[in-house]
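# The sequence and its predicted three-dimensional model are supplied below.
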Amino acid sequence: MHNLVKPFAALHPTVDHASAVVAPPYDVVSTAEARALVEHRPHSFLHISRPEIDLAEGIDPHDEQVYALARESLDRLTGLGILVRDAAPSYYVYRMRMGQHQQTGIAVTASIEAYEQNRVRKHELTRPDKETDRVRNMESLNAQTGPVLSAYRADPELDRLLAAATQSGEPIIDVTGPHDVVHTLWRIDDAASVAAVTAAFERIGAIYIADGHHRSAAAARVAAERRRSGTASDNADYFLTIVFPDDQMRILDYNRVISDLNGLTAAELVDQLAATFDVSESATPVKPKRPATFGMYVDGRWFELQLDPALLPASDPVASLDVSLLQATVISPLLGVEDPRTDARIDFVGGVRGLDELARRVDALGTGVAFSFFPTSMAQLMAVADANQLMPPKSTWFEPKLADGLLTHVLD
C-alpha cells in the first residue's frame, strides 16, 4: 500500500521571477478577467492555466488548440529559465498571509490509491465536463498545475516540523499574489525531515479535500487511464495538494441571492417565515454570529432570522448544516428553488465580497431576496466527509486562496 503522501520534485518559478508568474486559481477568474490580468504580464501563469486568452476572442476554451497552447506556454517559461525543476523530491512548507490571518501548511503529493480508499476524503460532487477539462489540461502538460487545497487534523508533531523548516533557511519563494495574499515557501529536502513528515501523515491517517475536487478527480482519471494504457508512472499515481492544519483554515460565509420571490410579496414572505423563525427587522446589515441564524435582505430592508430550535436535526451532519436548514425551510418550500445546482434563479456570493454586495444585487434586480449565513466550520466539513456524505453546493468559501504557478507537479 502506498504512503498517504510523498515528496515531489516541483517545477516552480525562481525567486526573481515569482512575482511575474504568480496568478489566481484558474477557476476563480473568467476569460475576460484573465485577459485583463495578463496585460503587460507575458510570464503570468494564466497563459498556461487559461491559454484561451492568447487566442481569438470567442474561441471555445475546450478547443484542442487551447490545450496545445498551454503546453507551448509551459515550455516557453521553462525554456527561458523562469520556471525551474528541483533536482530531488522535496516537501514544501507553504504559508499564506492575508491581513492579520496566517496559515502554515505543506505541499505534498497525495496517493491516488489513498484517494480511492477514502484516506483522502471528499465532500463534494463533481461535474464530468469540468473533470474532463482538467484531464485534458493535465495530459497536454504532462503535469498538474493547480494544487488541491486540503486539511489535516492539527497535529503538534507535524506542526513542529513545519515551524522548524520555516526557521532553518531562506524561503525559495516569497511573493505577494492576488488580493495582497503573501505566499512564502520553504523546501524540506533532508532525508530525516522528509521521513518524519511522511511518518506524521501515516499516523494522522487521512486528509480532507477542502477545495479542488475536480482537480483530484481528474488526477485519478489520468492515473487510471495510464495504468490501462501501460504508460503509468509513480508520479502520475499522486496528485498535488497543499495541506493545512484544520485549526488554521478560514472558511467564510457563502451567501445566496434568489432573483424573485416565487410570486410572494415581501410582506407575505416575512409573514410565512414567522412560522419557523423568530423574525426581527434590523437597521444594519445582518452578519450572523451563531449557527441557525440568518440575515435576509428584501424590499430594501434587513431582517434577522433565528430558526426554531425544535427544528434542528439531532445528529445528521448534512441536514444540520445551515445551508441545508435554509434550503429545507425557505429556499425550497417558499421560494421554489428545488435544486440549487441547476436552478438559474439562485446565485451564490462569497463572503469576501461583503454584505453590501448582497443588497446591491437585489437592488439591481428590483426584486428577489438575499440571505447571509454563519460560516460552515471545518469540524462540520470533516464530519460530513467522515460519514462519506456530500455537502450541499456552495457550502464553503475558503479564504485566502492558493496561487497558481508557484508549484507544479510533473507526471513523468
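Good, I have the coordinates.

# Sheet-wise, list the partners of the longest strand belonging to the chain with their directions.
Taking DSSP state E as the assignment, the strand of the chain that covers the most residues is strand 101-111. The pairing partners recorded for strand 101-111 under DSSP bridges are strand 5-6 (antiparallel), strand 91-98 (antiparallel), strand 238-245 (antiparallel).

# Which parts of the stretch 101-250 of the chain are helices?
For the stretch 101-250 of the chain, the helices defined by DSSP state H, counting those that start in this stretch occupy 112-116, 128-141, 156-167, 191-204, 213-229.

# Pipe those helices into CSV and attach mean pLDDT per row.
CSV is the format used below for the helices of the stretch 101-250 of the chain (pLDDT from 0 to 100):
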stretch, mean pLDDT
helix 112-116, 96
helix 128-141, 94
helix 156-167, 95
helix 191-204, 97
helix 213-229, 94
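
# mind putting the ones you listed in TSV, distance to Tyr67 and mean neighbour count included?
C-beta: built from backbone N, CA, C; applies to glycine. Shown next, in TSV, are the helices of the stretch 101-250 of the chain (distance: least, CB to CB, whole Å; neighbours: other CB atoms under 10 Å):
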stretch	distance to Tyr67	mean neighbour count
helix 112-116	22	19
helix 128-141	4	18
helix 156-167	36	15
helix 191-204	33	16
helix 213-229	13	19
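
# And the longest strand of the chain, what's buried?
Under the neighbour-count criterion of 16 or more other CB atoms under 10 Å, strand 101-111 has Gln103, Thr104, Gly105, Ile106, Ala107, Val108, Thr109, Ala110, Ser111 buried.

# Just give me how far that strand sits from the chain centre.
The chain centroid and the centroid of strand 101-111 are separated by 13 Å under CA atoms, centre = their mean, to the nearest Å.

# and if you look at stretch 90-107?
For stretch 90-107, the distance to the chain centre is 15 Å (CA atoms, centre = their mean).

# same question, stretch 322-333
That offset, for stretch 322-333, works out to 24 Å (CA atoms, centre = their mean).

# Check stretch 54-71 too.
Chain-centre distance of stretch 54-71: 24 Å, with CA atoms, centre = their mean.

# just the strands in the stretch 201-350 of the chain please.
Assigned by DSSP state E, counting those that start in this stretch, the stretch 201-350 of the chain shows strands spanning 207-211, 238-245, 251-252, 254-258, 277-282, 293-298, 301-307, 346-350.

# what packs against the third one?
Think strand 251-252. strand 397-398 (3 or more CB pairs under 8 Å, 6 or more residues apart in numbering; DSSP states H and E).

# about what we covered before: out of the strands of the stretch 201-350 of the chain, the one nearest Asn118 is which?
Asn118 sits nearest to strand 207-211 of all these, at 10.7 Å, using CB to CB.

# neighbouring contacts of the closest one?
For strand 207-211, the external contacting residues (CB atoms under 8 Å, 6 or more residues apart in numbering) are 4-5, 110, 119-124, 148-152, 201, 216, 241, 243, 246, 249, 381-382, 385, 396, 398.

# hmm, back to that, can I get the longest strand of the chain in CSV? Just the C-alpha atoms.
Only the C-alpha atoms of strand 101-111 are listed here, as CSV (Å, rounded to 0.1, in the frame of the first residue of the first chain):
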residue,chain,number,x,y,z
HIS,A,101,-4.7,35.9,9.2
GLN,A,102,-1.9,33.5,8.6
GLN,A,103,-1.9,29.7,8.0
THR,A,104,1.1,27.4,7.5
GLY,A,105,0.8,24.0,5.8
ILE,A,106,2.8,21.8,3.5
ALA,A,107,2.8,20.9,-0.2
VAL,A,108,2.8,17.2,-0.8
THR,A,109,1.7,14.8,-3.4
ALA,A,110,-1.1,12.6,-2.2
SER,A,111,-1.6,9.0,-3.2
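
# avg pLDDT for it?
Averaged over strand 101-111, pLDDT sits at 98.

# how far off helix 191-204 does it point, in degrees?
Orientation note: strand 101-111 sits at an angle of 90 degrees relative to helix 191-204 (axes from the mean of the first three to the mean of the last three CA atoms, to 10 degrees).

# Ok, which of the strands paired with strand 101-111 comes nearest Lys287?
strand 91-98 (18.6 Å).

# contact partners of that closest one?
Taking CB under 8 Å, 6+ apart as the rule, strand 91-98 contacts 7, 10, 102-108, 162, 165-166, 172, 179-189, 193-194, 197, 242, 399-400, 402, 407.

# rerun at 6 Å
Outside strand 91-98, the residues within contact range by CB atoms under 6 Å, 6 or more residues apart in numbering are 7, 103-108, 162, 165-166, 181-188, 197, 242, 400.

# Return the most buried member of the strands paired with strand 101-111.
Among the strands paired with strand 101-111, ranked by average contacts under mean count of other CB atoms under 10 Å, first place goes to strand 238-245 (a mean of 26).

# No further questions, thank you.
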